[in-house]
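Trainee: give me coordinates for this.
(2 chains)
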Amino acid sequence: MKCRKCEQRAVINMRQHKLPLCKQHFLLWVKEQTERNIRKYKMFTHDDRILVAVSGGKDSLVLWDVLHQLGYNTAGLYVNLGIDDQNGYSSNSAQFTVDFAKKRGLKLHIFRIDEAYGVTIPEISALSRRNKNKPCAVCGLVKRHTFNKIATENGFTILVTGHNLDDEAAVLYNNTLSWQLDFLRRQAPVLPAKNGLVRKAKPFCRFYERETAAYALLSGIEYIEDECPHAVGSTTIAIKTVLNQLEHEHAGTKLAFYLKFLKAKPELFPGVGTDLVPQDPLYPCPTCGQPSPKDGDCAFCRLILEVQAKK
Amino acid sequence: MTIKIIYRKNETSIEKAHDLTVSKLLKQLSLVPEANLVTRAGELLTEHELLRDGDILKIVPVISGGER
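Mentor: Predicted structure coming up:
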């Protein structure tokens, strides 16, 4: 199979775009498409101070690499979750991130949740009554809170994450299966800033997961290949497997599912406005000051106060 | 004809692998190309690539999960 652009041997065939590309043209294509996504969804500009949430995995490190190469003003944020099983998941992922930043001379913020809150994710998951044995839900909540805290405290104008189309399609599928209208209303490539909430964007929301992995392999970005031990057997992985089976039989299924949802959103949710996100009221949390959809302590503070009391 | 496969840190071999493409190999292993990349000596292969005797292939799963 030959590259569509230059007739060299193709290294990847993106069936959903009917586009086989060689190494050189694929790496260029990823950068061009990232820039296109950033502009299409008006994510940020070269004047923004961008905080890239990095996990040591392929998506976030590739995102940081691409944004850096595109000349954006970036720094990284690694949140150490204290998930050190027999494979040392957090320690290893931290090392990949540190090495990545060092090699490129990029600024990396490191935040340890055990130092800040006195508990690790496995401990929170074990101690919490409401979130007992739901480490992924706990982890998501802690990370979202911490990302916003660090971004706000350090004057970043936008937080970006490495969510790819497979992530977005899996969330959309899951929320549709259970008709979580509130979550469906909020799913968008950009979440605008609100009082106390930094603007968020997902520049890779139109890339398939295999494309970010291919970019990492082809450009020599080393990342943690081991999956988080808590993600093994997760709903997300089960849904991604189903979607990939559909994609295998009908190329373009995942892309159409996500893009047609974004297109249909204004009709599905007439109140979402032109930026595709609803304008719900927010209340400052009396404990941490971060905004919350409900009056009183936010979900993060309730969780941390509960587990600290039990430890 | 023998092909060595490295997948999730495990090594296996396939014998008598004549006219085997990446696509056929993945199918034989019950894997889909949407969720796995195949490399030979660090070089990424498309699904149509024909495999050769003595190839050492690494299959890289691309799915990540949990709440991100």
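
Trainee: got the CA coordinates for stretch A:123-136 in CSV?
Mentor: Taking C-alpha atoms only, stretch A:123-136 is exported to CSV below (Å, rounded to 0.1, in the frame of the first residue of the first chain):
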residue,chain,number,x,y,z
GLU,A,123,-7.1,4.4,49.6
ILE,A,124,-9.8,6.9,48.7
SER,A,125,-11.6,4.2,46.7
ALA,A,126,-11.4,1.8,49.6
LEU,A,127,-12.5,4.2,52.3
SER,A,128,-15.2,6.2,50.5
ARG,A,129,-18.8,5.0,51.2
ARG,A,130,-20.4,6.5,48.1
ASN,A,131,-17.5,5.6,45.8
LYS,A,132,-16.5,2.4,47.4
ASN,A,133,-14.5,0.3,44.9
LYS,A,134,-15.0,2.7,42.1
PRO,A,135,-11.4,3.9,41.6
CYS,A,136,-12.0,5.3,38.1
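
Trainee: is chain B within reach of that stretch?
Mentor: Yes: using C-beta under 8 Å from any C-beta of the partner chain, stretch A:123-136 reaches chain B at A:Pro135, A:Cys136. In this view, the C-beta of every residue, glycine as well, is placed from N, C-alpha and C.

Trainee: pull out the buried residues from that stretch.
Mentor: Using 16 or more other C-beta atoms under 10 Å in any protein chain shown as the test for burial, stretch A:123-136 gives A:Glu123, A:Ile124, A:Ser125, A:Ala126, A:Leu127, A:Ser128, A:Asn131, A:Lys134, A:Pro135, A:Cys136.

Trainee: the bottom helix or strand of chain B by mean pLDDT?
Mentor: None of the helices or strands of chain B scores lower by mean pLDDT, DSSP states H and E than strand B:10-15, at a mean of 91.

Trainee: that one - contacts with which helices or strands?
Mentor: When contacts are defined as 3 or more C-beta pairs under 8 Å, 6 or more residues apart in numbering or on different chains; DSSP states H and E, strand B:10-15 packs onto strand B:2-7.

Trainee: please identify the buried residues of the strand it packs on?
Mentor: Neighbour-count burial for strand B:2-7, counted by 16+ other C-beta under 10 Å, picks out B:Ile3, B:Ile5, B:Tyr7.

Trainee: one step back: neighbouring strands for the least confident helix or strand of chain B, and are they parallel or not?
Mentor: Applying DSSP bridges, strand B:10-15 is found paired with strand B:2-7 (antiparallel).

Trainee: one step back: ok, of the buried residues of stretch A:123-136, which one's closest to chain B?
Mentor: Closest approach to chain B among those (C-beta to the nearest C-beta): A:Cys136, at 4.2 Å.

Trainee: mind listing what's buried in the one helix or strand the closest one maps to?
Mentor: In this structure, A:Cys136 sits in helix A:135-153 according to DSSP states H and E. For helix A:135-153, the neighbour count (16+ other C-beta under 10 Å) marks A:135-139, A:141-152 as buried.

Trainee: with stretch A:164-176 instead?
Mentor: The neighbour-count check on stretch A:164-176 (16+ other C-beta under 10 Å) flags A:Asn164, A:Leu165, A:Asp166, A:Asp167, A:Glu168, A:Ala169, A:Ala170, A:Val171, A:Leu172, A:Tyr173, A:Asn175 as buried.

Trainee: how about those residues in CSV, adding distance to A:Asp99, pLDDT and secondary structure?
Mentor: CSV is the format used below for those (distance: C-beta to C-beta, whole Å; pLDDT from 0 to 100; DSSP: H, G, I helix; E, B strand; the rest coil):
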residue, distance to A:Asp99, pLDDT, secondary structure
A:Asn164, 22, 97, coil
A:Leu165, 27, 98, helix
A:Asp166, 26, 97, helix
A:Asp167, 24, 96, helix
A:Glu168, 28, 97, helix
A:Ala169, 31, 98, helix
A:Ala170, 29, 97, helix
A:Val171, 30, 96, helix
A:Leu172, 34, 98, helix
A:Tyr173, 35, 98, helix
A:Asn175, 36, 96, helix
